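[1] Provided below are the primary sequence and the corresponding predicted coordinates.
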Amino acid sequence: MSTQLWKHAGGAEPGGWNPSGQHGPEAPIQDRSKTAKVGLGVFLGVVTSLFLLFLLAFIARSQVSDWRPLTDPLAPLAHPWMLWVNTLLLALGSACLQWAKMSMERAQAGRAILAFLLGGAFAVAFLGGQLWVWQQFAAWGYFVSGNPANSFFYLLTGLHGLHLAGGLVAWAVVGLRLLRVGPSERLQTGMALCAFYWHYLLGLWLVLFALLTSTPETYQAIAAFCGLR
């Protein structure tokens, strides 16, 4: 998770909050807000590049003969209902953080705090759901080293989970400040950054979900398009 995000979120001042922007030290706060947004943007660019490389490696490795798809009739992802449940949890978390951001902009502090806390709770539930999926994989004999497809599943979902866990650090910092000192200009920015980060992770998860549950024919088509065959 971006250091810029949680450092910015944790430095909120208890001074008056005015969503109209008429606040004493407005210029320094806006400067820090811009810095945090740029920092988060750079961080997400790096994360995107990292996952893109892993996804290309996934596609290339899927063309080797020892690859056993997880979407075969008796494989765990033949009917990925557990992943659908987790996707719903992450989507609800993203929606709640967007609700919190909009409520802060409308000076509805009570709703903003409630929605923000719910957003983090759904994210924690998503991580718990992912651990549950891993447990089920292991119970069915699909261990990390058992098959290259298994290894990539654990790798990609694990990396995504680590980035979400990092986001929860920023969420916790903002949430504690909200409960202790109430809304402020800097906390409003922190909430907006958390919401954007959650939206990004939701979009990234949808890409991973679509790829992990695709058929070998889809992998072949992607590999041919990318010149990996």
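    Everything's here; your move.
[2] how far out from the middle of the chain is the helix or strand containing D31?
    For D31, the element it lies in under DSSP states H and E is helix 26-61. Relative to its parent chain, helix 26-61 has a centroid offset of 12 Å by Cα atoms, centre = their mean, to the nearest Å.
[3] After that helix, heading C-terminal, what element do we hit next?
    Following helix 26-61 in sequence order, the next helix or strand is helix 81-105 (DSSP H and E).
[4] Check which helices and strands that next one sits against.
    helix 109-139, helix 185-212 (3 or more Cβ pairs under 8 Å, 6 or more residues apart in numbering; DSSP states H and E). The C-beta positions use only the backbone N, C-alpha and C, and glycine is treated the same way.
[5] Ok, which of those helices comes nearest R61?
    Ranking those by proximity to R61 (Cβ to Cβ) places helix 185-212 first, at 12.4 Å.
[6] by how many degrees do that closest one and helix 26-61 diverge?
    10 degrees (axes from the mean of the first three to the mean of the last three Cα atoms, to 10 degrees).
[7] pLDDT averaged over helix 185-212 - what is it?
    For helix 185-212, mean pLDDT rounds to 95.
[8] who touches the residue nearest the centre of the chain in this structure?
    Among the residues of the chain, the one closest to the centroid is L201, at 2.7 Å (Cα atoms, centre = their mean). By Cβ atoms under 8 Å, 6 or more residues apart in numbering, the contact list for L201 reads 90, 94, 160, 163-164, 167.
[9] What about W84, how many residues nearby?
    By the criterion of other Cβ atoms under 10 Å, W84 has 12 neighbours.
[10] ok so, going back, let me know which of the helices and strands packed on helix 81-105 is the nearest to Q63.
    Of all these, it is helix 185-212 that lies closest to Q63, at 14.2 Å by Cβ to Cβ.
[11] downstream neighbour of the closest one in the secondary structure list?
    Of the helices and strands lying after helix 185-212 in sequence (DSSP H and E), the nearest is helix 216-225.
[12] elements contacting that next one?
    For helix 216-225, the elements it packs on are helix 26-61, judged by 3+ Cβ pairs under 8 Å, 6+ apart.
[13] Low-confidence ranges, the protein, go.
    1-29 (pLDDT under 70).
[14] ok, 80 please
    For the chain, the stretches flagged by pLDDT under 80 are 1-32, 182-186, 229.
[15] among the helices and strands packed on helix 81-105, which is the most enclosed?
    helix 185-212 (a mean of 21; mean count of other Cβ atoms under 10 Å).
[16] Now do that one and helix 216-225, the angle between them.
    110 degrees.
[17] Run the angle between helix 185-212 and helix 109-139 for me.
    Using the same axes, to 10 degrees, one finds that helix 185-212 and helix 109-139 are set 30 degrees apart in direction.
[18] now the angle between helix 81-105 and helix 185-212, please.
    160 degrees.
[19] please begin residue numbering at 19 from this point
    Understood, numbering begins at 19; the last thing we discussed is helix 203-230.
[20] distance between helix 203-230 and the chain's centre?
    Averaged C-alpha coordinates place helix 203-230 at 5 Å from its chain's average position (Cα atoms, centre = their mean).
[21] Please apply the same query to stretch 150-160.
    Mean-position distance between stretch 150-160 and its chain equals 22 Å (Cα atoms, centre = their mean).
[22] Please apply the same query to stretch 139-153.
    Using Cα atoms, centre = their mean, the offset of stretch 139-153 from its chain centre is 12 Å.
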